[in-house]
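Peer 1: what follows is a predicted protein model with its sequence.
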Amino acid sequence: MKERSKLNSILKGSIHIEPNFFEKATYQSILKKIATIKTKSGFQPSGTGYGNRMQAMPCYESVFTFQKKFIVNKIEEILQIKINKYHCLYRKIKTEELKKSQCAGRYGFIHVDSERGMIDIAAIMHLDQSYDGGTAFFGYSWDKKPDIYISAYPNRLVIYNANRLHAPAFDHSYAERHSLAFFLKVQDET
């Protein structure tokens, strides 16, 4: 039986931070690939009915499959697990749109990523460096300040329980916020 202490720790609420997730050349190829991606306008949290995009967190996104095998293998190696479902989205948020939305403040909507048990763990990789931008983690949905805040730093993967309350944090000095969001289902041990 594999040792799953990192996964168990994440499932109990800790956060795993993996700096320099990609080698430099691979990371540069990802940035080049992202520059060519066609995105679709949308909003977060998705699947919820809103009158328009500005009542939610307006964003642009696209399914991101580039380097999928490498990403899955590396996360499996880091956490000593087997992943049986993988989904990744490239997201871009335009600050000018964000300022007109219900998420105009420092933090976006506090939410979880688990979609009715479809995923176990989630991860975020910010593609910009910002002390004020990043991801904030909360103890309760009504909290006004996060328990833990992890600033945006390029090529750093932040892995957390998909049921962990969190929100994007925005640095309004940037014209756009770029990130990769990962949603993973772990294979049960048998």
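Peer 2: Perfect, thanks for sending it.

Peer 1: center of the chain, which residue is that?
Peer 2: Centroid-nearest residue in the chain, with C-alpha atoms, centre = their mean: I124, separated by 2.9 Å.

Peer 1: mind telling me what element that one is part of?
Peer 2: Applying DSSP states H and E as the criterion places I124 in strand 121-126.

Peer 1: now the element after that strand, going C-ward?
Peer 2: strand 130-137.

Peer 1: mind listing what's buried in stretch 40-49?
Peer 2: For stretch 40-49, burial by neighbour count (16 or more other C-beta atoms under 10 Å) applies to 42-44. C-beta here means a position set from N, CA and C on the backbone, and glycine is covered the same way.

Peer 1: now the residues you listed in CSV, with pLDDT and secondary structure?
Peer 2: Output for the buried residues of stretch 40-49, formatted as CSV (pLDDT from 0 to 100; DSSP: H, G, I helix; E, B strand; the rest coil):
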residue, pLDDT, secondary structure
G42, 90, strand
F43, 88, strand
Q44, 85, strand
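
Peer 1: mind listing what the strand holding I124 pairs with, with the direction of each?
Peer 2: Paired strands of strand 121-126, with direction, are strand 157-161 (antiparallel), strand 176-186 (antiparallel) (DSSP bridges).

Peer 1: and those as TSV, adding mean pLDDT, distance to L7 and mean neighbour count?
Peer 2: Formatted as TSV, the strands paired with strand 121-126 follow (pLDDT from 0 to 100; distance: least, C-beta to C-beta, whole Å; neighbours: other C-beta atoms under 10 Å):
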stretch	mean pLDDT	distance to L7	mean neighbour count
strand 157-161	97	9	23
strand 176-186	96	7	20
